[in-house]
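In: could you look at this predicted model? Sequence included:
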Amino acid sequence: MVTDSGVSQSRRKRIVDGLKQNDGFPHIMGIINVTSDSFYEGSRSLSSEDAIERALAMWASGATWVDIGGESTRPGAARVDEESEIQRVVPVIKALRKANPEGLISIDTRHASVAREGLKAGADMVNDVSGLRDKAMIETVLEWEAAICIMHMQGEPGTMQTK
């Protein structure tokens, strides 16, 4: 359990309070991809500044969560190395945590190293589209006492539609 400055306790409180906020109603998650090739063009932000501005607008419009991703996982997408992914998402997460200390932030990644850096920067949840293929992911989530959204993906982005 990570206890740096009460990070885990404040994360847990943010998640619980945020979920109570819309108790009984659907929660909206705004999607921001700091990529040029994500599936939905409307989710793409090519700069940290644009991503931050869009995320703040999403919260102001009623989103409970803002999901920040740095690697496209659309069919046929090229792999992004983990360090590049970290460089894309961490500045955005840090700025959002500073701008909205109570806002709920999700890090969209399939790599435990990226999840760890995103959680360290202030994310509350990991959104793993690969279904925990990275064996270190669950340990990272448990260590940081974060929430997790586990998805399913057939193969890798470059091969997911190959039979």
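Out: Received, thanks.

In: measure the residue most central in space within the chain to residue 126 for me?
Out: The C-alpha lying nearest the average C-alpha coordinate of the chain belongs to residue 107 (CA atoms, centre = their mean; 1.5 Å). Per CB to CB, to the nearest Å, residue 107 is found 6 Å from residue 126. Where C-beta positions appear, they are placed from N, C-alpha and C, glycine not excepted.

In: tell me, what's touching those two both at once?
Out: Here residue 107 and residue 126 have 115, 118-119 as joint contacts, going by CB atoms under 8 Å, 6 or more residues apart in numbering.

In: now intersect these with the helices, please.
Out: Of the shared contacts of residue 107 and residue 126, the ones assigned to helices by DSSP state H are 115, 118-119.

In: picking up where we left off before, spell out the secondary structure type for the residue nearest to the centre of the chain.
Out: Here residue 107 is recorded as strand under DSSP: H, G, I helix; E, B strand; the rest coil.

In: what about the closest residue to it other than its chain neighbours, how many neighbours?
Out: Among residues not flanking residue 107 along the chain, residue 118 sits closest, at 3.2 Å (CB to CB, 6 or more residues apart in numbering). By other CB atoms under 10 Å, the residues close to residue 118 number 33.

In: thought residue 118 was touching residue 112?
Out: No - taking contacts as CB atoms under 8 Å, residue 118 lies outside contact range of residue 112: 10.4 Å.

In: so which of the ones in helices among the shared contacts of residue 107 and residue 126 comes closest to residue 137?
Out: residue 115 (6.2 Å; CB to CB).

In: so what's residue 105 up against?
Out: Residue 105 neighbours (CB under 8 Å, 6+ apart): 65-68, 93, 96-97, 122-125.

In: out of these, which sit inside helices?
Out: Counting by DSSP H, the contacts of residue 105 contribute 93, 96-97 to helices.

In: which of the contacts of residue 105 fall in strands?
Out: Members of these lying in strands (criterion: DSSP state E): 65-68, 125.

In: out of those, who's nearest residue 31?
Out: Using CB to CB, residue 67 is the member of those that lies nearest residue 31, at 5.0 Å.

In: so the closest one bridges to which residues?
Out: On the basis of DSSP bridges, residue 67 is bridged to residue 31, residue 106.
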